[in-house]
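>>> sequence-free structure coming up:
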């Protein structure tokens, strides 16, 4: 029964994305488009790879972790000045993220695809982690809090405790904790 918690996680993920999009329209949040685009591509590829390896309900959170950033990426085009201005570092991370996805395409092995999807996602996360550290007022933690919840729901639906099923959810937990910590650093370490 607990494996069905992934459906609750999917709803929470969608709600988190909708709240983040609301903050975009209110100009409270300025997403980095490179990050959000790559955050949509890498998990969706990992989702397809997991399906190819027979992962069941545990793949739903990975899908949502790709689908919701796609919604956010699309929403970032809705208003002028609702996105973060990109620099060389952002493009370099996007290029490295894309290269990691290309290496997956060359290998065509699901476990390798998951590894490179994680690598791609991590490169995509770097610009937002740095932006969040320097300018926390340009980010909303709601997407990362709900993302953490969604990633944690994966563990309730695992059939086998192997790399294919564990790797991406573990990575997602780590990256969401990092982003939440960066955004809350002033509250956590207040004097």
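All right, it came through fine. Model, not experiment: these values are computed from the prediction.
>>> tell me the mean pLDDT for the lengthiest helix in the chain?
The residue-count maximum for a helix in the chain (DSSP state H) belongs to helix 110-134. Taken as a whole, helix 110-134 has a mean pLDDT of 83.
>>> Next secondary structure after it?
Elements were assigned by DSSP states H and E; along the chain past helix 110-134, the next helix or strand is helix 142-154.
>>> Quick check: which helices or strands does the helix or strand just after that next one pack against?
As assigned by DSSP H and E, the chain's next helix or strand after helix 142-154 is helix 163-183. Counting contacts by 3 or more C-beta pairs under 8 Å, 6 or more residues apart in numbering; DSSP states H and E, helix 163-183 is packed against helix 33-52, helix 59-75, helix 110-134, helix 142-154. All C-beta atoms are positioned from the backbone trio N, CA, C, and that covers glycine.
>>> which one of the ones you listed lies closest to residue 162?
Nearest to residue 162 among those is helix 110-134; the distance by C-beta to C-beta comes to 9.0 Å.
>>> which other helices and strands contact that closest one?
For helix 110-134, the helices and strands in contact under the criterion 3+ C-beta pairs under 8 Å, 6+ apart are helix 33-52, helix 88-107, helix 163-183.
>>> any residues touching the last one, and which ones?
Among residues not part of helix 163-183, those counted as contacts by C-beta atoms under 8 Å, 6 or more residues apart in numbering are 43, 46, 49-50, 53, 55, 58, 61-62, 65, 110-111, 114-115, 117-118, 121-122, 125, 128-129, 132-133, 136, 139, 141, 144-145, 147-148, 150-152, 154-155, 158-159, 188.
>>> what angle sits between that helix and helix 33-52?
Interaxial angle, helix 163-183 versus helix 33-52 (axes from the mean of the first three to the mean of the last three C-alpha atoms, to 10 degrees): 160 degrees.
>>> How much space separates residue 72 from residue 146?
Per C-beta to C-beta, to the nearest Å, residue 72 is found 12 Å from residue 146.
>>> shared neighbours, those two?
Any residue near both residue 72 and residue 146 by C-beta under 8 Å, 6+ apart counts here, and that gives residue 17.
>>> mind checking which helix or strand of this structure has the lowest mean pLDDT?
Here the helix or strand of the chain ranked lowest by mean pLDDT, DSSP states H and E is helix 185-188, holding a mean of 73.
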